[in-house]
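> Got a sequence here, can you build the structure:
(2 chains)
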Amino acid sequence: MNKRPTDREVYPAVWIAAAILLVFYLFWRYILGAPALPACWFASRWHIYCPACGGTRALIALSRGRLISSLVYHPAVLYVFGSAALYVLSQSIWRMRGRRGWVLHYRSGWLVSVLILLLGNWLIRNILWLCFQIPIPQ
Amino acid sequence: MDKRTTDIVAYITPIGLIIALVLGDREASKFHVNQALVIWLASLLDFIPCVGILWGIFCLVCAVIGLIGAVNGEETEVPLLGQIKLLK
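Got it, this is the predicted structure:
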């Protein structure tokens, strides 16, 4: 019988993924010397934004603690990392307190909300650009 | 390789998946071998510009969730990718 993922799998998975991402970040930052990122290939070629336009820059802005910039570049990044941090924090405190008190549990609705954010960001950026010529940094 | 080892090895990089496919108990480990195959194939999309990084993080988390399920001896279906069946 197949089962859906629960906190038992998701909690350690988030820690392991965070550790791997930290290694990648440190490699990019200190070994490669934080090289400049090229503009989005999709936007440069087709002159419209893609659903993930600004995602990498939002990630870098977030790593430097610039929350507002990260939100402007791409709201999904702040949402994903903010909710993951809140989830891990609440789960850790809950486990340390003997599984008592308030805690955030993993729900598949999180993924759906990330997809909605990606699509919403894509639509708003392109409407602002195509209808009003308002560019948003990518 | 026994079923559990095959389940676990399949999630440890694409090389592990090849080892599981060639040397493992494919019939008994069909669920995890299939899921690992789908995850590693999906991770090829990381090389597509734009959505690659977010997709890569998602595939990484899925692989770790699948690996933890395999270690626990459970058939944990990862989000989105777990519903795809490539191996009959």
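
> Low-confidence regions, chain A specifically.
Low-confidence segments of chain A (pLDDT under 70): A:1, A:136-138.

> Looking at it, which helix is longest?
Across chain A, the longest stretch assigned as helix under DSSP state H is helix A:109-132.

> Can you give me the buried ones in that one?
For helix A:109-132, a neighbour-count test (16 or more other CB atoms under 10 Å in any protein chain shown) marks A:W110, A:V114, A:L117, A:L118, A:N121, A:W122, A:R125, A:N126, A:W129 as buried. For the C-beta atoms, the positions are set from N, CA and C on the backbone; glycine is no exception.

> do the same with stretch A:46-57
Buried positions in stretch A:46-57, judged by neighbour count with 16+ other CB under 10 Å: A:Y49, A:C50, A:P51, A:A52, A:C53, A:G54, A:G55, A:T56, A:R57.

> repeat for stretch A:7-24
So stretch A:7-24, judged by 16+ other CB under 10 Å, has buried residues A:D7, A:R8, A:E9, A:V10, A:Y11, A:P12, A:A13, A:V14, A:I16, A:A17, A:A18, A:L21.

> show me the contacts for the residue nearest the centre of chain A.
A centroid search over chain A (CA atoms, centre = their mean) returns A:V77, at 2.6 Å, as the residue closest to the centre. Contacts for A:V77 (CB atoms under 8 Å, 6 or more residues apart in numbering or on different chains) come out as A:G55, A:A58, A:L59, A:L62, A:S70, B:L54.

> send the alpha carbons of stretch A:76-85 over as CSV?
Below are the C-alpha coordinates for stretch A:76-85, written out as CSV (Å, rounded to 0.1, in the frame of the first residue of the first chain):
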residue,chain,number,x,y,z
ALA,A,76,7.6,32.1,-4.5
VAL,A,77,11.2,31.9,-3.3
LEU,A,78,10.5,33.8,0.0
TYR,A,79,7.3,31.7,0.5
VAL,A,80,9.1,28.4,0.0
PHE,A,81,12.1,29.2,2.1
GLY,A,82,10.1,31.1,4.8
SER,A,83,7.5,28.3,5.1
ALA,A,84,10.3,25.6,5.1
ALA,A,85,12.2,27.5,7.9
